[in-house]
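Asker: structure, please.
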Amino acid sequence: MKFIKASTHKLFRHRFPYMILLGIVIAWMQQLVLPMPNATGNRLLSHYLSSIIITILVWEGNVQIDCFINRKLKWPQNILKQLMIQLPISILYSAGIIYLSLTLYDRFLCNLPVEKQESITSLSIIFGVLITLLIIAIQAGASFFLQWKQSIVDIEKHKKDALQAQYLSLKNQVNPHFLFNNLSVLSSLVYKDQDQAVDFINQLSKVYRYALDQHSKELSEVKDEIEFIGSYIFLLKIRFGDSLEFKNSIDEKAKSKFIPPMSLQLLIENAIKHNIIRTDAPLKIELSAEEEYLVVKNNFQFRKPEENSSGTGLPNIISRYQYFTDKEVIIKNDNTYFTVKIPLLNSPES
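Answerer: Numbering: from 1, shown residues only. Have a look, this model is predicted:
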């Protein structure tokens, strides 16, 4: 949004020549409608200069009012609220500036004809209000246009981020290390426990099936993500045994919310990749819900990954959330626990 407002005001960056031109036009129109007697020489020059000065004060003042209100309100989510606040303020400001300027002009520069003072003041205020409405209309139209352009960019960026997340998830699951580790576990299970080997194959197929099913979804229900994570953790538990402890305490209310697909898997994969996992130093991962956030927490026992990390897991999640909500992904590391809190979202249909 900062980009949009900054771009909007760039449209008015070279506005002062237009202010001068508009001031001259207004002075000329006033002379046509209400010609001033003896309007020659210095008197005529002061008339045009005062019109230019008043035009600059009205125009520039309204631009600054718009800037101030935009710092307080979010554009364009509160556009109706903004217009309801800005219109009366801008109109009162313009009318007040024009009335005060004409009063000072009459007292210190050039006395206005008594019989025309009221008409000149009324006509000037009408012109000022029309200019104010024109400025607000131009700013609103420009903002809508820029917002439309930015929304197209945001949609394309979101699609790219979603595809990247799916790619990362599939890459993690089909890379040589993942396949080698799971095939090694499976080969040993075939000889030791055939029933568990069958369960292992079933859970492995669920992991791949879920990953493939998410390619067209923007959001997934938390309960579906938890079910998928159950299969994923099953594979990890067979591989790591008691070296990996997993606890899920997410309540039913949180399960009805939504998150970007594969977010939990990426966070758990991140914990597996960057922490020591041994029998004497087990990795403990806990899922929970906290207010409007889903929390993934693990004890911090950092190790350098065996393979080069792409470093795109957490940034990808953060980028995808920016498309859906203003709430931030919270990352905290106190060297005892590494915690990531991702916002819980409402149904995409609501």
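Asker: test my guess that residue 299 contacts residue 286.
Answerer: No - in this structure, residue 299 is not within contact of residue 286 by C-beta atoms under 8 Å, at 9.2 Å. The way it works is simple: take the backbone N, C-alpha and C, and place the C-beta from them, glycine included.
Asker: per the record, what domains does this protein have?
Answerer: Following automatic domain parsing, the chain resolves into domains at 2-152, 175-343.
Asker: okay if I get these as TSV plus mean neighbour count and mean pLDDT?
Answerer: Listed next are the domains of the chain as TSV, based on neighbours: other C-beta atoms under 10 Å; pLDDT from 0 to 100:
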stretch	mean neighbour count	mean pLDDT
domain 2-152	15	72
domain 175-343	16	86
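Asker: give me the secondary structure label for residue 284.
Answerer: Here residue 284 is strand, with the state taken from DSSP: H, G, I helix; E, B strand; the rest coil.
Asker: got the contact list for it?
Answerer: Contact partners of residue 284, counting by C-beta atoms under 8 Å, 6 or more residues apart in numbering, are 245, 246, 247, 298, 299.
Asker: secondary structure and distance to residue 58 added to these, as CSV?
Answerer: Below are the contacts of residue 284 laid out as CSV (DSSP: H, G, I helix; E, B strand; the rest coil; distance: C-beta to C-beta, whole Å):
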residue, secondary structure, distance to residue 58
245, strand, 69
246, strand, 66
247, strand, 65
298, strand, 60
299, strand, 64
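Asker: from those, pick the one nearest residue 121.
Answerer: Using C-beta to C-beta, residue 298 comes nearest to residue 121 of the contacts of residue 284, at 72.4 Å.
Asker: can you tell me how far the closest one is from residue 245?
Answerer: Relative to residue 245, residue 298 is positioned 10 Å away (C-beta to C-beta, to the nearest Å).
Asker: need the overlap of contacts for the two.
Answerer: 283, 284, 285.
Asker: what's the closest of the residues you listed to residue 16?
Answerer: The shortest approach to residue 16 among the shared contacts of residue 298 and residue 245 belongs to residue 285, at 61.1 Å (C-beta to C-beta).
Asker: wait, the closest one touches residue 246, no?
Answerer: Yes - Residue 285 lies in contact with residue 246 (C-beta under 8 Å); the separation is 5.2 Å.
Asker: so residue 289 sits against residue 342, correct?
Answerer: No - at 10.7 Å, residue 289 and residue 342 do not qualify as touching, with contact defined as C-beta under 8 Å.
Asker: specify the beta-bridge partners of residue 287.
Answerer: Listed by DSSP bridges, the beta-bridge partners for residue 287 are residue 248, residue 296.
Asker: just to check, it is in contact with residue 263?
Answerer: No - shown here, residue 287 and residue 263 do not form a contact pair, counting by C-beta under 8 Å, at 11.4 Å.
Asker: quick one: residue 62 from residue 51, how far?
Answerer: 17 Å.
Asker: which residues touch residue 135?
Answerer: Per C-beta under 8 Å, 6+ apart, neighbours of residue 135: 59, 62, 63, 66, 90.
Asker: of those, which is the nearest to residue 234?
Answerer: Checking the contacts of residue 135 against residue 234 with C-beta to C-beta, the nearest one is residue 66 at 57.4 Å.
Asker: can you show me the helices along the stretch 1-150 of the chain?
Answerer: Here the stretch 1-150 of the chain has its helices, by DSSP state H, counting those that start in this stretch, at 2-10, 16-33, 42-72, 79-104, 117-174.
Asker: then the helix or strand that the last one is followed by to CSV, C-alphas only?
Answerer: Spelled out, that is helix 117-174. The first helix or strand that comes after helix 117-174 along the chain, using DSSP states H and E, is helix 176-192. Only the C-alpha atoms of helix 176-192 are listed here, as CSV (Å, rounded to 0.1, in the frame of the first residue of the first chain):
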residue,chain,number,x,y,z
PRO,A,176,17.8,-38.5,-3.0
HIS,A,177,18.2,-38.2,0.8
PHE,A,178,14.5,-38.5,1.5
LEU,A,179,14.0,-41.4,-0.9
PHE,A,180,17.2,-43.1,0.2
ASN,A,181,16.3,-42.8,3.9
ASN,A,182,12.8,-44.0,3.5
LEU,A,183,13.8,-46.9,1.2
SER,A,184,16.5,-48.0,3.6
VAL,A,185,13.9,-48.0,6.4
LEU,A,186,11.4,-49.9,4.2
SER,A,187,14.0,-52.5,3.3
SER,A,188,14.8,-53.2,6.9
LEU,A,189,11.1,-53.3,7.8
VAL,A,190,10.4,-55.9,5.2
TYR,A,191,12.7,-58.4,7.0
LYS,A,192,11.8,-57.4,10.5
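Asker: let's see whichever helix or strand comes after helix 176-192 as CSV, backbone CA atoms only.
Answerer: Once helix 176-192 ends, the next helix or strand along the chain (criterion: DSSP H and E) is helix 194-213. What follows is helix 194-213, C-alpha atoms only, in CSV (Å, rounded to 0.1, in the frame of the first residue of the first chain):
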residue,chain,number,x,y,z
GLN,A,194,6.1,-57.0,7.3
ASP,A,195,2.9,-55.6,8.8
GLN,A,196,4.7,-52.4,9.8
ALA,A,197,6.3,-52.3,6.3
VAL,A,198,2.8,-52.3,4.8
ASP,A,199,1.8,-49.5,7.1
PHE,A,200,5.0,-47.6,6.1
ILE,A,201,4.1,-47.9,2.4
ASN,A,202,0.5,-46.8,3.0
GLN,A,203,1.7,-43.7,5.0
LEU,A,204,4.3,-42.9,2.4
SER,A,205,1.7,-43.0,-0.4
LYS,A,206,-0.6,-40.7,1.7
VAL,A,207,2.2,-38.2,2.0
TYR,A,208,2.8,-38.1,-1.8
ARG,A,209,-1.0,-38.1,-2.6
TYR,A,210,-1.7,-35.2,-0.3
ALA,A,211,1.3,-33.2,-1.7
LEU,A,212,0.0,-33.8,-5.3
ASP,A,213,-3.6,-32.9,-4.3
